[in-house]
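>>> Sequence and computational prediction follow.
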Protein chains: 2
Amino acid sequence: MKSLPTNVTIIEVGPRDGLQNEKNFVSTDRKVNFIKKLTSAGIKEMEITSFVSPKWVPQMQDATEIVASNPELTRKLVLAPNQKGVERALEAGCDAIAVFVGVSNSFNKKNINKSTKQSLEELKPIITKLKEKNLFVRACISTAFYCPFEGKIKENDTIALCKEFASSGVDELSVADTIGMATPIESYSLFSSLIECLPDILLTAHFHDTRKMALSNIYAALQAGIHRFDTSAGGLGGCPFAPGATGNVATEDVVYMLERMGIRTGIDLDALVEAINVVSPSLTRRIETGYYQLATN
Amino acid sequence: MKSLPTNVTIIEVGPRDGLQNEKNFVSTDRKVNFIKKLTSAGIKEMEITSFVSPKWVPQMQDATEIVASNPELTRKLVLAPNQKGVERALEAGCDAIAVFVGVSNSFNKKNINKSTKQSLEELKPIITKLKEKNLFVRACISTAFYCPFEGKIKENDTIALCKEFASSGVDELSVADTIGMATPIESYSLFSSLIECLPDILLTAHFHDTRKMALSNIYAALQAGIHRFDTSAGGLGGCPFAPGATGNVATEDVVYMLERMGIRTGIDLDALVEAINVVSPSLTRRIETGYYQLATN
């Protein structure tokens, strides 16, 4: 067990992973303002939008405009699921691309109509080209612990897929408990193994709070040596293709716990609440996260 | 850091700590049925009611009838805050009494209009008499980490008060993060110290989920060697005298996490949901716990 880190990097996924699940279109202006306020709150890395088919995810139809707003971030990540998405992202001027694949074959098929192996083979040359252009590439590894269709995923399968992506040249692996079923024991075990196997890659943990274990899993991942976490302001998000996959862990609850443990995130909680207030009037759901409720009641 | 236990004891506090905060009177029949169903779900220790002034807490006016219903529990705890309450509890035929005191002076005064020291001095002879009658005595140590009025409580003050109660002869200490502000680091630290100082007493951790850290704190307490936890079915409860002290950690979310980690609780989750369904129609609040929402949606 490692000693806890003194600093943690938060990768905000609310504008992408969060908003993509909102049925009502959130205006581009509001999205830009949301991203700007998140940046003012101290967020340095963020998934700002997604270059997916506007037919399938109308919420993300303004991806090019969002990129053009050019928020002051160390890393402006955009999700691009395939060759076409990557081309659009590059045209828009992106310099950090996130791709994704599920460890679970069934999940991957339901999500993007390809097997995990097909996805991997399709992504490899794309990643090579992106690295040739010196772009930052993040691989989002979903269903890394459990799949809504297949159940428990073998740790070795997740590790094998992570190794494949690492050898393909990605800069970061975001390893996700997509349906919020992992326990602290599983979090500690997988992240300890990954740190040992892949010491030279940025390893990020992505937890959902579906079963209220997200903060425990983060605590266990910290003990394993992880110091990068994906979180979503207001706990927005989930996965439309994964039954029961509600709620990314809330940025404000993670920042609160970390800062209270003396672990610096560089994020201001009051400013974070202001950022959530920018987008909350457009949402169909209520923000139920711990810190936000206390701060606004 | 200790290895995790194979078994954990859950002390259900919903019928007392949970219901006492409900404004509308829950009928005695429904309470009895709630307790019965919780017992059927596998709960063996429970705070079933409270012998407090019916003027101050009308919800608990049926304490004698609740005790008379005689649920099949290893330990039927009743809360009795003072000499009068203890007398009523004994008349009703109780054999396990919980007393309480806040480490914080201000909290104790707001709560029972006495200083912590006055409470302790008043309780000592009561505890002695109860132990002479061979009754089980539990001391609930509230504001063991933070106080809504005084802020951070010194770990040494909590330890000193716990030692005082231990030397007065109580069987169990239930050490509470009354306003849900403790972090996993603080949980690990206090419980490690208490286990070292007081190896011969039953030590129970009582967490609130106000800031979503309850399960993380439980995980840290397990690592410190704690294997007894107070929880509340449906996450009912809080403290009417502590601003922001909403939500005991939910029995179902704790049981889910523990069982998933291979730690046995002896509690059946489906039966637990049935128990919550008995009482939920009488509540003014919505049950928002992770497991319950997934199981009933």
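Perfect, thanks for sending it.

>>> C-alpha from now on. contacts and neighbour counts both.
Will do.

>>> Hmm, residue A:269 and residue A:40 touching each other?
No - counting by CA atoms under 8 Å, residue A:40 does not reach residue A:269; the two are 10.9 Å apart.

>>> Near chain B, which residues of chain A are found?
A:183-185, A:210-213, A:215-217, A:219, A:244, A:253, A:257, A:260-261, A:289-291, A:294 (CA under 8 Å from any CA of the partner chain).

>>> List only those of the residues you listed flagged as buried.
A:183-185, A:210-213, A:215-217, A:219, A:244, A:253, A:257, A:260-261, A:289-291 (16 or more other CA atoms under 10 Å in any protein chain shown).

>>> Cross those residues against strands and list the overlap.
Cross-referencing these against strands under DSSP state E gives no overlap.

>>> could you show me where the helices are in chain A, in order?
A:28-40, A:63-68, A:83-92, A:105-112, A:116-132, A:155-167, A:184-197, A:214-224, A:251-260, A:269-279, A:290-296 (DSSP state H).

>>> Can I get these in CSV including distance to residue A:144 and mean pLDDT?
Formatted as CSV, the helices of chain A follow (distance: least, CA to CA, whole Å; pLDDT from 0 to 100):
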stretch, distance to residue A:144, mean pLDDT
helix A:28-40, 28, 98
helix A:63-68, 27, 97
helix A:83-92, 23, 96
helix A:105-112, 11, 90
helix A:116-132, 12, 96
helix A:155-167, 6, 98
helix A:184-197, 9, 98
helix A:214-224, 13, 98
helix A:251-260, 21, 98
helix A:269-279, 29, 97
helix A:290-296, 26, 88
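
>>> nearest to residue B:152, of the ones you listed?
Of all these, it is helix A:251-260 that lies closest to residue B:152, at 11.7 Å by CA to CA.

>>> quick one, that closest one and helix B:214-224 angle?
Angle of helix A:251-260 versus helix B:214-224, following axes from the mean of the first three to the mean of the last three CA atoms, to 10 degrees, is 40 degrees.

>>> From chain B, how far off is the nearest residue to residue A:168 once chain neighbours are set aside?
Leaving out its chain neighbours, the residue that sits closest to residue A:168 by CA to CA, 6 or more residues apart in numbering or on different chains is residue A:124, at 6.1 Å. Distance of residue A:124 to chain B, computed by CA to the nearest CA, to the nearest Å: 36 Å.

>>> Also residue A:98?
Look at residue A:98 and chain B: by CA to the nearest CA, they are 29 Å apart.

>>> so what pLDDT did that residue get?
Looking at residue A:98, its pLDDT is 98.

>>> That one and residue A:76 touch, don't they?
No - in this structure, residue A:98 is not within contact of residue A:76 by CA under 8 Å, at 10.0 Å.

>>> okay, the helices of chain A, which one's buried deepest?
Of all the helices of chain A, helix A:214-224 carries the top mean neighbour count, a mean of 26, counting by mean count of other CA atoms under 10 Å in any protein chain shown.

>>> Just want the angle from that one to helix B:184-197.
Interaxial angle of helix A:214-224 relative to helix B:184-197 (the same axes, to 10 degrees): 80 degrees.

>>> and helix A:214-224, what other elements does it pack with?
Judged by 3 or more CA pairs under 8 Å, 6 or more residues apart in numbering or on different chains; DSSP states H and E, helix A:214-224 is in contact with helix A:184-197, strand A:202-207, helix B:214-224.

>>> in chain A, what residue is nearest chain B?
residue A:216 (4.1 Å; CA to the nearest CA).

>>> Quick check: closest non-adjacent residue to that residue.
That would be residue B:216: by CA to CA, 6+ apart, it lies 4.1 Å from residue A:216.

>>> Would you mind stating the distance between that neighbour and residue A:185?
Per CA to CA, to the nearest Å, residue B:216 is found 12 Å from residue A:185.

>>> Spell out which residues are contacts of both of those two.
Shared contacts of residue B:216 and residue A:185, defined by CA atoms under 8 Å, 6 or more residues apart in numbering or on different chains, comprise residue A:217.

>>> related to what we said a few turns ago, can you verify my assumption that the residue nearest to residue A:216 contacts residue A:212?
No - assessed by CA under 8 Å, residue B:216 is found out of contact with residue A:212, at 9.6 Å.

>>> quick one, what contacts residue A:79?
A:16, A:47, A:49, A:50, A:51, A:52, A:97, A:98, A:99, A:100.

>>> Need the per-residue pLDDT for the first one.
Put plainly, it is residue A:16. For residue A:16, pLDDT reads 95.

>>> For it, which non-adjacent residue is closest in space?
Looking at residue A:16 with CA to CA, 6+ apart, the closest residue is residue A:49, at 4.6 Å.

>>> what sits against the one you found?
Going by CA under 8 Å, 6+ apart, residue A:49 touches A:15, A:16, A:60, A:63, A:66, A:67, A:77, A:78, A:79.

>>> Please report the distance of the nearest residue to residue A:73 once chain neighbours are set aside from residue A:110.
Leaving out its chain neighbours, the residue that sits closest to residue A:73 by CA to CA, 6+ apart is residue A:44, at 4.9 Å. Separation of residue A:44 from residue A:110 (CA to CA): 32 Å.

>>> what does residue A:45 give?
As judged by CA to CA, residue A:45 and residue A:110 stand 29 Å apart.

>>> One more: residue A:71?
Residue A:71 sits 33 Å away from residue A:110, taking CA to CA as the criterion.

>>> cool, residue A:211 as well?
For residue A:211, the distance to residue A:110 - CA to CA - is 23 Å.

>>> again, but for residue A:94
Taking CA to CA as the measure, residue A:94 and residue A:110 are separated by 28 Å.

>>> Same check on residue A:38?
For residue A:38 relative to residue A:110 (CA to CA), the value is 32 Å.

>>> Looks like residue A:177 contacts residue A:204 (just checking).
No - using CA under 8 Å, residue A:177 is not in contact with residue A:204; the gap is 11.5 Å.

>>> which one of those two has more residues nearby?
Set residue A:177 next to residue A:204 and count neighbours by other CA atoms under 10 Å in any protein chain shown: residue A:177 wins out with 26 against 23.

>>> What sits closest to the more buried one if chain neighbours are left out?
Per CA to CA, 6+ apart, closest to residue A:177 is residue A:207, 5.2 Å.

>>> Please list all residues in contact with that neighbour.
Taking CA under 8 Å, 6+ apart, we find residue A:207 in contact with A:176, A:177, A:178, A:180, A:214, A:217, A:218, A:230, A:231, A:248, A:249.

>>> Kindly indicate which of those residues lies nearest residue A:3.
Using CA to CA, the contacts of residue A:207 come closest to residue A:3 at residue A:218, 13.8 Å.

>>> Distance check, that closest one against residue B:219.
11 Å.

>>> Can you work out which residues contact both of these two?
residue A:184.

>>> quick one: which of the contacts of residue A:49 is nearest residue B:129?
residue A:15 (62.3 Å).

>>> Residue A:39 is in contact with the closest one, correct?
No - if you go by CA under 8 Å, residue A:15 and residue A:39 don't touch, sitting 11.6 Å apart.

>>> Give the intersection of the neighbour lists for the two.
Between them, residue A:15 and residue A:39 share no contacting residue under CA under 8 Å, 6+ apart.

>>> In strands, which of the contacts of residue A:79 appear?
Reading strands off the contacts of residue A:79 with DSSP E, I get A:47, A:49, A:50, A:97, A:98, A:99, A:100.

>>> For the first one, grab the count of nearby residues.
This means residue A:47. Applying other CA under 10 Å, we find 24 residues neighbouring residue A:47.

>>> That one against residue A:14, yeah?
Yes - Residue A:47 lies in contact with residue A:14 (CA under 8 Å); the separation is 7.4 Å.
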